[in-house]
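Sharing a model that was predicted from the sequence below.
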Amino acid sequence: MAAISAAFLAWMTVVTVQIATAPRGGEESPERLRAAVVDALTSDDAGRVQALFHERTAGSHYAEALVDRWAGVSGVDARIVERDHRYLRLSARTPSGAECFAWPIGESEGRWFLDATPAPADLCRG
């Protein structure tokens with residue numbers, strides 16, 4: 001019985017340490033979120049991009065499609081836009097034309113995340 005209790009306690013300790021040291025999604029500020037999105041996209045890091053979206057808003061393959069769309073794009077301009085809400089707008093000129101995406105950003109438990117809910121279309125005009 002003592003061996004079972006000790007094994008259970010050891011297992012609980014391992015689980016607790018893993019949870020406490022697991023990488024957290026999002027970033028600590030809107031500015032860091034902006035920089036992290038640009039870095040993850042230009043590094044073609046779909047896993048990192050996915051971690052920057054709030055888990056309730058983006059499907060499991062959303063970031064992969066986004067990274068594929070932005071692959072090889074240089075000169076990405078990322079800006080925080082303030083309106084009725086905060087948004088992150090990414091834009092760039094590509095050989096095939098202009099690319100632009102915008103997402104709402106928000107805070108959850110002290111971390112800032114992208115929200116995959118579509119932003120107003122006029123954020124990408126002009």
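Great, that's in hand.

Who are the contact partners of the closest residue in space to residue 57 that isn't next to it in sequence?
Spatial nearest neighbour of residue 57, chain neighbours left out: residue 116 (4.1 Å); criterion: Cβ to Cβ, 6 or more residues apart in numbering. Quick note: C-beta positions are derived from backbone N, CA and C, even for glycine. Residues near residue 116 by Cβ atoms under 8 Å, 6 or more residues apart in numbering: 53-54, 57-59, 62, 103.

Number of residues surrounding residue 74?
Residues lying near residue 74 (other Cβ atoms under 10 Å) number 9.

Convert the C-alpha atoms of stretch 97-117 to PDB, please.
Written as PDB, here are the backbone C-alpha positions of stretch 97-117 (Å, rounded to 0.1, in the frame of the first residue of the first chain):
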ATOM      1  CA  GLY A  97      -0.600  41.400 -55.500                       C
ATOM      2  CA  ALA A  98      -1.300  42.500 -52.000                       C
ATOM      3  CA  GLU A  99      -2.000  40.300 -49.000                       C
ATOM      4  CA  CYS A 100      -3.800  41.500 -46.000                       C
ATOM      5  CA  PHE A 101      -5.400  39.800 -43.000                       C
ATOM      6  CA  ALA A 102      -6.800  41.300 -39.800                       C
ATOM      7  CA  TRP A 103      -7.900  39.700 -36.600                       C
ATOM      8  CA  PRO A 104      -9.300  40.900 -33.300                       C
ATOM      9  CA  ILE A 105      -6.900  40.600 -30.400                       C
ATOM     10  CA  GLY A 106      -7.900  40.200 -26.800                       C
ATOM     11  CA  GLU A 107      -6.600  39.400 -23.300                       C
ATOM     12  CA  SER A 108      -7.300  36.100 -21.500                       C
ATOM     13  CA  GLU A 109      -5.800  35.300 -18.100                       C
ATOM     14  CA  GLY A 110      -3.100  37.900 -18.500                       C
ATOM     15  CA  ARG A 111      -2.100  36.700 -22.000                       C
ATOM     16  CA  TRP A 112      -2.900  38.400 -25.400                       C
ATOM     17  CA  PHE A 113      -4.200  36.200 -28.200                       C
ATOM     18  CA  LEU A 114      -5.400  36.500 -31.800                       C
ATOM     19  CA  ASP A 115      -9.100  35.800 -32.300                       C
ATOM     20  CA  ALA A 116      -9.900  34.000 -35.600                       C
ATOM     21  CA  THR A 117     -13.300  35.700 -35.800                       C
END
